[in-house]
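Trainee: Turn this into a structure:
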Amino acid sequence: MGEIPHLDRCLVMGIVNVTPDSFSDGGLWSEPVAAVKHGLQLLAEGADILDVGGESTRPGSSRTDVDEELRRALPVVRELAAAGAMVSIDTMRAEVAAQAVEAGAAVINDVSGGRSDPQLLSVAAQAEVPLILMHWRGHSAVMADLVQYDDVVTDVVAELSTAIEGALNAGVDADRLIVDPGLGFAKLAAHNWALLARLDALLALGRPVLVGASRKRFLGELLADSSGELRPPQVRDAGSAAVAALAAAAGAWCVRVHDVGPSVDAVRVVARWIHG
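Mentor: Numbers count the residues shown, from 1 in each chain. Sure, this is the predicted structure:
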């Protein structure tokens, strides 16, 4: 039975996108051989978990065919797990989650929070592996139309509570549930900053919190140049590491990042600072 890993510091999850169209690194590791090599490099840099995904969820993207998602992700999961990595499968599909767990994935990371394919919750329950539930309101093609909130922190906490209830009703053990506020998913920059400033409200749900801010647009907006041109995704890593440090200090269980090394350093510094 799989348990949620815990260390004396915030964990670091390295992103392994096996896709041609992810927002910041699409195409760099779109084939399994390249993706495995990249994952091993992230592992060498100190990643605690490798998050393998075969479907892009960048804003405006269309869905990947299930067979293509399997073709992309499964060989990478299998090879990285065989190399000793703790692997999470980033998918919204029950079929992909089930086959990935069979191939060695130890965590399921569902960005839809169980809403896209409710059968995924049953897969997680039967597999007895940790399940990450992200706050989500709709697929990438429509999420820009779903950014209305009365109060983003209150609303996200309430909607994550509903996701937790759905997972529990499907048989997932409460001790295997992790929540993610879903920064950038149906959220404007101000919403993301508000959620980061109130991680305590998410922690009050009683579950470990994953924060995924790496290279996202709201950092590009903050770090825009004097003409207003956004900082490109590939040069947002210093800002991403800063968020990792602050999230760790606020009590996050894990940060999900593209550039692992600086974030590993950041969370280690935070742990040393806190523990004295």
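
Trainee: What count of nearby residues applies to residue 274?
Mentor: When neighbours are counted by other Cβ atoms under 10 Å, residue 274 registers 12. Yep, even glycine has a C-beta here, placed from its N, CA and C like the rest.

Trainee: ok, it touching residue 249?
Mentor: Yes. At 7.1 Å, residue 274 and residue 249 qualify as touching, with contact defined as Cβ atoms under 8 Å.

Trainee: Leaving out sequence neighbours, find the closest residue to residue 96.
Mentor: Once flanking residues are discounted, residue 96 sits nearest to residue 69: 5.5 Å by Cβ to Cβ, 6 or more residues apart in numbering.

Trainee: Quick check: next helix or strand after whichever strand or helix holds residue 75?
Mentor: Assigned by DSSP states H and E, residue 75 belongs to helix 66-82. As assigned by DSSP H and E, the chain's next helix or strand after helix 66-82 is strand 87-90.

Trainee: List of residues touching the helix or strand just after that following strand?
Mentor: Using DSSP H and E, the next helix or strand after strand 87-90 towards the C-terminus is helix 94-103. By Cβ atoms under 8 Å, 6 or more residues apart in numbering, the surrounding residues in contact with helix 94-103 are 52, 54, 66, 69-70, 73-74, 77-78, 81, 87, 89, 91, 105, 108, 110, 117, 119-120, 122-124, 127, 129.

Trainee: Please apply the same query to stretch 161-172.
Mentor: For stretch 161-172, contacts defined as Cβ under 8 Å, 6+ apart pick out 113-115, 118, 121-122, 124-126, 131, 133, 135, 174, 177, 179, 205, 207.

Trainee: Tell me where this structure is predicted with low confidence.
Mentor: Scanning the chain for pLDDT under 70 picks out the ranges 1, 21-30, 58, 60-61.

Trainee: at 90 what do you get?
Mentor: The chain contains residues with pLDDT under 90 at 1-2, 19-34, 55-65, 138-145, 234, 276.

Trainee: What's the biggest strand in it, counting residues?
Mentor: Using DSSP state E, we find that the single longest strand of the chain is strand 11-17.

Trainee: strand partners of that one, parallel vs antiparallel please.
Mentor: strand 49-53 (parallel), strand 254-257 (parallel) (DSSP bridges).

Trainee: got the angle for it vs helix 66-82?
Mentor: Here strand 11-17 runs at an angle of 140 degrees relative to helix 66-82 (axes from the mean of the first three to the mean of the last three Cα atoms, to 10 degrees).

Trainee: CA atoms only for strand 11-17 - export them in CSV, please.
Mentor: Taking Å, rounded to 0.1, in the frame of the first residue of the first chain, the C-alpha atoms of strand 11-17 are listed here in CSV:
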residue,chain,number,x,y,z
LEU,A,11,9.3,17.9,-1.1
VAL,A,12,10.1,18.8,-4.7
MET,A,13,8.3,17.3,-7.6
GLY,A,14,10.0,17.5,-11.0
ILE,A,15,7.9,17.9,-14.1
VAL,A,16,8.4,15.5,-17.0
ASN,A,17,6.2,16.7,-19.8
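
Trainee: now the helix or strand just after that strand against strand 49-53, angle please.
Mentor: Counting by DSSP H and E, the next helix or strand C-terminal to strand 11-17 is helix 32-44. Counting by the same axes, to 10 degrees, helix 32-44 lies at 160 degrees to strand 49-53.
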